[in-house]
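> Predicted model and sequence follow; I will ask about them next.
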Amino acid sequence: MRTQVVIIGGGPSGLLLGQLLHRRGIEAVVLERKTRDYVLGRIRAGVLETGLVGLMEEAGVAERLHREGYVHEGTQISLNGEMFHLDFKRLTGKPVIVYGQTEVTRDLYDARESVGARTEFEVDHVVIHDADSDHPFVTYDQHGQQQRLDCDFIAGCDGFHGVSRQAIPLSMRREYEKTYPFGWLGALSETPPVHDELIYANSDRGFALCSMRNANLSRYYIQCALSDHPGDWTDKAFWQELRRRIPAEMAEKLVTGPTIEKSIAPLRSFVTEPMRWGRLFLCGDAAHIVPPTGAKGLNTAASDVHYLYNGLRQFYEERDSEGIDRYSERALLRVWKAERFSWWFSGLLHRYPDQSPFDLKMQQADIAFLRDNEAQQRAFAENYVGLPY
Ligand code: APR
Ligand code: PHB
């Protein structure tokens, strides 16, 4: 079998790329290890930058996110209960849209199925062959049969644990990583959000975040020890700890209820360079990971998709390889800025075990400077709503 582009991974990166290519008549086959329902069972951040919203509009998949998404023009930051507002719409002219990543993925799957684009689920042993040649191909097993797909290009959209990054020889790759000495305990509850904007809280007891999915589905996080397990936390203990970390007026308003999902995620910063090897292009979590603090995971995957989609479009429509030749350079320039913001924002809000009293004073001064200085607020806002592509 042959296709123009093989996309390994049916998460947000692969699906968005596939939909954009389809709209330009460029054929892509998505190979996904899991089932559609399994992929849609993942709970992930839901803050969409305007760049991602624009790509969803270009892909013809933005109708529900505009109907059901929440336009947020600002956010709340608190330090030991003292809360202040950052108005990123006033500072940048742009809002963000709060809309669950699961819904983004669902909309993309629905769109892909409606146009009859080919997705192969439950594939195993995907192997990339001859990526550094003009005739790459991919083999994989499905229902006990080995398949082969010859193609022009391969998009590695298979996430941090996928095979694409490993297909680039170690001698050709440079990897950069930072791990954080804590995790995020996240809980989903069918309760109304505590506030109409997100609340990022730094407290003596650690970080907390109040987010949402819809008018009756809230998402909360508290910083926890890496040795913790979700089962260590009863609902009562979770709500009690969350209340102790957020401003008192919010703690009083908080509507609690049974959590319908509880999980712990470690925090990591990671980048691999380059993001291209021959006719293989890495995209999204396959190439980079950010701590969730700035909600940049999906949004940075979207900027990769923007550069790769336009590079492939330029190749097929104009027979010009400039876009694919400069893909890695262009994508990484923005990836590193998202890594910086996510690392900085994590440092601003979390309590680190090795923090000295002086470090704590610096963190508090950083927050006070953000509270009091319009230039710092604008810099924060530009990063939060999304730097230009
Ligand atoms: N073969 C086929 N599919 C694979 C393989 C493989 N060897 N390995 C992983 N996959 C699939 C996974 O099952 C998953 O559905 O690739 C997909 C990768 O999706 P994500 O991990 O979501 O990565 P990405 O699409 O880049 O999304 C980036 O969205 O999911 C969030 O945390 C992620 O915020 C980040 C953003
Ligand atoms: C979420 O809603 O899951 C979320 C929102 C904002 C973040 C991180 C996670 O910065």
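All right, it came through fine. Ligands and ions are numbered 1, 2, ... in the order given.

> And the helix or strand harbouring G54, what does it pack against?
For G54, the host element (DSSP states H and E) is helix 50-58. With contacts taken as 3 or more Cβ pairs under 8 Å, 6 or more residues apart in numbering; DSSP states H and E, helix 50-58 sits against helix 12-23, helix 101-114, helix 297-318. Heads up, the C-betas are built off the backbone N, CA and C, glycines and all.

> can you rerun that using 10 Å?
Where contact means 3 or more Cβ pairs under 10 Å, 6 or more residues apart in numbering; DSSP states H and E, helix 50-58 is packed against helix 12-23, strand 47-48, helix 63-68, strand 96-98, helix 101-114, helix 297-318.

> wait, doesn't L31 sit right on R148?
No. Contact between L31 and R148 fails when scored by Cβ atoms under 10 Å: they sit 11.8 Å apart.

> Quick one: residues contacting the nearest residue to E113 once chain neighbours are set aside.
Nearest residue to E113, sequence neighbours excluded (Cβ to Cβ, 6 or more residues apart in numbering): T119, at 7.8 Å. By Cβ atoms under 10 Å, 6 or more residues apart in numbering, the contact set of T119 is 7, 10, 14-15, 18, 28-32, 36, 109, 112-113.

> Please pick the buried ones from the residues you listed.
Using 16 or more other Cβ atoms under 10 Å as the burial test, these include 7, 10, 14-15, 18, 28-32, 36, 109, 112 as buried.

> Considering only the residues you listed, which also neighbour ligand 2?
Among those, no residue lies close to ligand 2 (Cβ under 6 Å from any ligand atom).

> farthest pair in those residues?
Within those, two members stand farthest from each other by Cβ to Cβ: A28 and R36, at 16.8 Å.

> list the buried ones in stretch 351-358?
351-352.

> right, I mislabeled it, should have said stretch 123-141
Of the residues in stretch 123-141, those buried (16+ other Cβ under 10 Å) are 123, 126, 128, 131, 136-138, 140.

> on that earlier part again, turn the helices and strands packed on helix 50-58 into TSV, including mean pLDDT and distance to R276.
Shown next, in TSV, are the helices and strands packed on helix 50-58 (pLDDT from 0 to 100; distance: least, Cβ to Cβ, whole Å):
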stretch	mean pLDDT	distance to R276
helix 12-23	98	14
strand 47-48	98	26
helix 63-68	97	30
strand 96-98	97	30
helix 101-114	97	24
helix 297-318	98	9
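
> To M172, which of these lies closest?
helix 297-318 (18.7 Å).
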